[in-house]
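Trainee: sequence first, then the predicted structure, then my questions.
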Amino acid sequence: MTDTPSIETQLAEAQAEATRLREHNATLLSEKKQLAKDYAKLQDDHAAATATLQRLQLDGPVDALVESISTDAKLFKALWAEGHKFALDEQGRPCVQAADGKPVTIKDAAGKETALPFDSKAIAEYLCPRDTKLHTVDTKRWAHVLVGTRASGSGATGSHGASVQQPSDKPRVPEQQVQFGLR
């Protein structure tokens, strides 16, 4: 006699194994669905964190810079978007890039190419240089938008925003009126 189990025993074992595999499959499917939900939530959280980071580290500083150097922030941003953009560098700091994503470079005092710093004075100098030999067709457009451009004279462009007086901490003393004529 052989010790081979009967067909009924083998069938019962196979059915038990199939039932166990179906239950395991159902468990794995429910785990997969839960992992997909968790992954979707993580993606949403990542997008929200990225948007917050963008707002705090880029949009806020950009808005402050644009307000400080332009007479009309909306017009400045429209002109800027034609060939430039602001972005975050690898360290998470604001930087200036060309529209294609490459860093904007300028020549420093030594004549070496360097990235244009995210600085109001440097950007204003880049857009409307003091040296009139460096002026281009776009310089005149920027002169209309920048606060306090170096233009002067009665026909100067952009000079309407140049003479902003800052409030002082000293109390204002009225000046004495000079009287003309006989008393």
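Mentor: Structure received. Residues are numbered from 1 along each chain as shown.
Trainee: for Lys32, what are its contacts?
Mentor: By CB atoms under 8 Å, 6 or more residues apart in numbering, the contact set of Lys32 is empty. C-beta coordinates here come from the backbone N, C-alpha and C atoms, glycine included.
Trainee: distance of the residue most central in space within the chain from Leu79?
Mentor: When CA atoms, centre = their mean is applied to the chain, the residue found nearest the centroid is Leu58 (3.7 Å). Separation of Leu58 from Leu79 (CB to CB, to the nearest Å): 19 Å.
Trainee: which residues of this structure fall in strands?
Mentor: With DSSP state E as the criterion, the chain has strands at 84-88, 94-98, 105-107, 113-115.
Trainee: give me the angle between the second one and strand 84-88.
Mentor: This means strand 94-98. Strand 94-98 and strand 84-88 are oriented at 140 degrees to each other (axes from the mean of the first three to the mean of the last three CA atoms, to 10 degrees).
Trainee: so how far is strand 94-98 from its chain's centroid?
Mentor: Chain-centre distance of strand 94-98: 9 Å, with CA atoms, centre = their mean, to the nearest Å.
Trainee: about what we covered before: switch the strands of the chain over to TSV; also include distance to Ile7 and mean neighbour count.
Mentor: Conversion of the strands of the chain to TSV gives the following (distance: least, CB to CB, whole Å; neighbours: other CB atoms under 10 Å):
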stretch	distance to Ile7	mean neighbour count
strand 84-88	71	16
strand 94-98	75	17
strand 105-107	83	12
strand 113-115	80	12
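Trainee: can I get those strands in TSV including mean pLDDT and distance to Tyr126?
Mentor: Formatted as TSV, these follow (pLDDT from 0 to 100; distance: least, CB to CB, whole Å):
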stretch	mean pLDDT	distance to Tyr126
strand 84-88	93	9
strand 94-98	93	8
strand 105-107	89	6
strand 113-115	92	11
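Trainee: format these as a markdown table; extra columns: distance to Ala12.
Mentor: Listed next are those as a markdown table, based on distance: least, CB to CB, whole Å:
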| stretch | distance to Ala12 |
| --- | --- |
| strand 84-88 | 65 |
| strand 94-98 | 71 |
| strand 105-107 | 79 |
| strand 113-115 | 76 |
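Trainee: where in this structure is the helix or strand with the lowest mean pLDDT?
Mentor: For the chain, counting by mean pLDDT, DSSP states H and E, helix 137-145 ranks last in confidence among helices and strands (a mean of 86).
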